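# how would this look folded up:
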Amino acid sequence: MKPLHLQIVRQKSTEMFPKFAMLLVVFLAWCSLASAQSWTALPTFPGNGAGTAILLTDGTVLVEDVSGPAQSGGSATGDWYILHPNNLGSYASGHWSGPISTSGFGYAPLYFGSAVLPDSRVVVVGGEYNFGSKTNTTLGTVYNGSSGFTTVLNPPPGWTTIGDAPTVILPNGRLMLGDCCSNQQAILNPTTLTWTSTGSGKADNNSEEGWTLLPNGKVLTVDTQNGQESELYNPTTGTWSLAGNTIFPLPFNCHMPIVPEMGPVVLRPNGTVFAAGATGYTGIYNYKTGKWSKGPIFPLNSGGGGQDAVADGPAAILPDGNVLVQASGLNPCFTSPSDYFEFNGTNLIPVPGPPNASNEASLDGRMLVLPNGGHVLHTDGTTDVEVYIPAGSPKSSWAPTITSFPTTITKGGTYTIRGTQFNGLSQGAAYGDDAQSATNFPLVRLSINGLTFYLPTKHFNTSVATGTKPTQAAFSLPFFVGTGPATAVVVANGIASSPVSLTVK
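I've put the predicted structure just below:
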């Protein structure tokens, strides 16, 4: 929970772990090579400022308009814009359309829950603020593609708050939602848009907690109000159980009278989970062993803001399994500048930041994994939208595989494509309770006559790291696609399968 205008108690805090942090700075400066990582600007955002971004199943990106960065008191306007890749699949050379609006529902949420349903619709629900007013609103709506936001989503029965809620799509394709201000959870039936209570045994409230889907179908969270504990939700039983002590303390209240903040928690391809703490500490959870181990400590902030940490902020999985993370100082929290790192499984390696890094706090940032090679879309509440281009590449075993596909497709038709690992090995990006931009669903990318198109998908599996388990998806062929010989790939979290050949009629 953050005051909208971030009226921070500027209490000088003790810099955490200075000796360890300084040693880490020296080590990372030594091991960090002249990298090939880079940032590329997108066309200027047409609204006031770009907020949370959500990848749609047709390859376009839904982006919320905000009046400015969070640290300067930006609020939601109720408008949303669509980023379209160009006809070669490039987002950096794409274009914007819109706006479309949720204001007709009396709804302009800031810090809310969101998810892409298996039928390709998008749920937007709750909000710590609504049109700039702190309400912990229970409002919600559903985005229906070309029809826009057309459906009112009612809250779970009896709920009086949702607010900055965590969400996750469970392996059965249903959305689980947490109430910001209690230990209640509910599951949405996507067909009827009705809710069923779940989640008995939760040890603390959901406030400031994010949810990470694991390969075994369970959901991991780091407790913010239960010491150094973590928990697992079992969708089979609908119950929570303790998942172990994180060793390092990860949540932190920033010396303010608020619920402790927490950073992003991201599943990596090797089955470990990287948790970036608001204290400057990090933790690593191994879902196979059910054990936590110590991660590296963030170094000192480059702008003199004490210990770097992620007291709210984004991270994203990269194609090589590294985690890109945005951090900023704790002295005080929620102030610029930001520093950027890649976690490679052992160390936090400094990488270049976007042009606005000196003006950003970690809570300003949002990340989204794009389907063109795992580039990461980054927004910060301004009109400058950037794409991070990583240097690494994935292992071939991480890619989706296509085992069955139609060899001939016709405009306007809907088809089924089958294979393995259509959901990728991670949810993609993470932030926590304030923003969710999961991309663990397949996109079908068609190349024809020198052009590239993303074909709308639906009816896909919603797990992660499914290995050799058969998966499938339906895709549709729009009328604007040309005819002739073509190739197609399935993309999940930016990693593409080997191409298959087909004919478009």
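# since we're on the nearest residue to residue 214 once chain neighbours are set aside, how many residues are nearby?
Of all residues not flanking residue 214 in the chain, residue 287 sits nearest, at 4.6 Å (Cβ to Cβ, 6 or more residues apart in numbering). For glycine as for every other residue, the C-beta is placed from the backbone atoms N, C-alpha and C. Neighbours of residue 287 under the rule other Cβ atoms under 10 Å: 19.
# I figured residue 287 hits residue 273, correct?
Yes: counting by Cβ atoms under 8 Å, residue 273 is a contact partner of residue 287 at 6.7 Å.
# strands of the stretch 51-200 of the chain, start to end?
61-66, 76-84, 95-101, 109-110, 113-116, 122-125, 129-130, 133-134, 140-143, 149-152, 167-169, 175-178, 185-189, 194-198 (DSSP state E, counting those that start in this stretch).
# which of the ones you listed sits most buried?
strand 109-110 (a mean of 30; mean count of other Cβ atoms under 10 Å).
# who's in contact with that one?
Outside strand 109-110, the residues that touch it by Cβ atoms under 8 Å, 6 or more residues apart in numbering are 4, 51, 66, 74-76, 102, 124, 126-130, 132, 137, 139.
# pick the one among these closest to residue 268.
When the contacts of strand 109-110 are compared for distance to residue 268 (Cβ to Cβ), residue 51 wins out at 26.5 Å.
# tell me how far the closest one lies from residue 130.
Distance of residue 51 to residue 130, computed by Cβ to Cβ, to the nearest Å: 14 Å.
# do residue 425 as well
Separation of residue 425 from residue 130 (Cβ to Cβ) stands at 36 Å.
# got it, and residue 225?
From residue 225 over to residue 130 the distance is 24 Å, taken as Cβ to Cβ.
# and if you look at residue 104?
With distances taken as Cβ to Cβ, residue 104 is found 14 Å from residue 130.
# ok, and for stretch 338-349, which residues are buried?
If you call a residue buried by 16 or more other Cβ atoms under 10 Å, then stretch 338-349 has these buried ones: 338-344, 347-349.
# and stretch 491-503, by the same measure?
Residues of stretch 491-503 classed as buried by neighbour count (16+ other Cβ under 10 Å): 491-497, 500, 502.
# out of those, the closest to residue 435 would be?
residue 493 (17.2 Å).
# quick one, helices of the stretch 1-150 of the chain?
18-31 (DSSP state H, counting those that start in this stretch).
# and the closest residue to residue 342 other than its chain neighbours, how many neighbours?
In this structure, residue 342 finds its nearest non-sequential neighbour in residue 322, 4.3 Å apart by Cβ to Cβ, 6+ apart. Residue 322 sits with 23 neighbouring residues when counted by other Cβ under 10 Å.
# again with residue 253
Residue 253: 16 surrounding residues under other Cβ under 10 Å.
# what's near enough to touch it?
So residue 253 contacts 259-261 (Cβ under 8 Å, 6+ apart).
# now it: how far from residue 37?
Distance from residue 253 to residue 37, by Cβ to Cβ: 33 Å.
# one more: residue 82?
Distance from residue 82 to residue 37, by Cβ to Cβ: 27 Å.
# check residue 328 too.
The spacing between residue 328 and residue 37, counted by Cβ to Cβ, is 19 Å.
# ok, these two, which is more surrounded?
Between residue 328 and residue 37, residue 328 has the larger neighbour count (other Cβ under 10 Å), namely 31 against 17.
# quickly list what the more buried one is bridged to.
residue 309, residue 338 (DSSP bridges).
# ok, which of the strands of the stretch 51-200 of the chain comes nearest residue 465?
Closest to residue 465 of the strands of the stretch 51-200 of the chain is strand 167-169 (Cβ to Cβ; 14.6 Å).
# which neighbours in the sheet does that closest one have, and how are they oriented?
Sheet pairing for strand 167-169, using DSSP bridges, gives strand 175-178 (antiparallel).
# surely the residue nearest to residue 342 meets residue 394?
No: checked against Cβ under 8 Å, the pair residue 322 and residue 394 is beyond contact range at 10.6 Å.
# so for the nearest residue to residue 162 once chain neighbours are set aside, what's the pLDDT?
Nearest non-adjacent residue to residue 162, counting by Cβ to Cβ, 6+ apart: residue 126, 3.2 Å away. Note for residue 126: predicted pLDDT of 98.
# having no further points to raise, I will conclude here.
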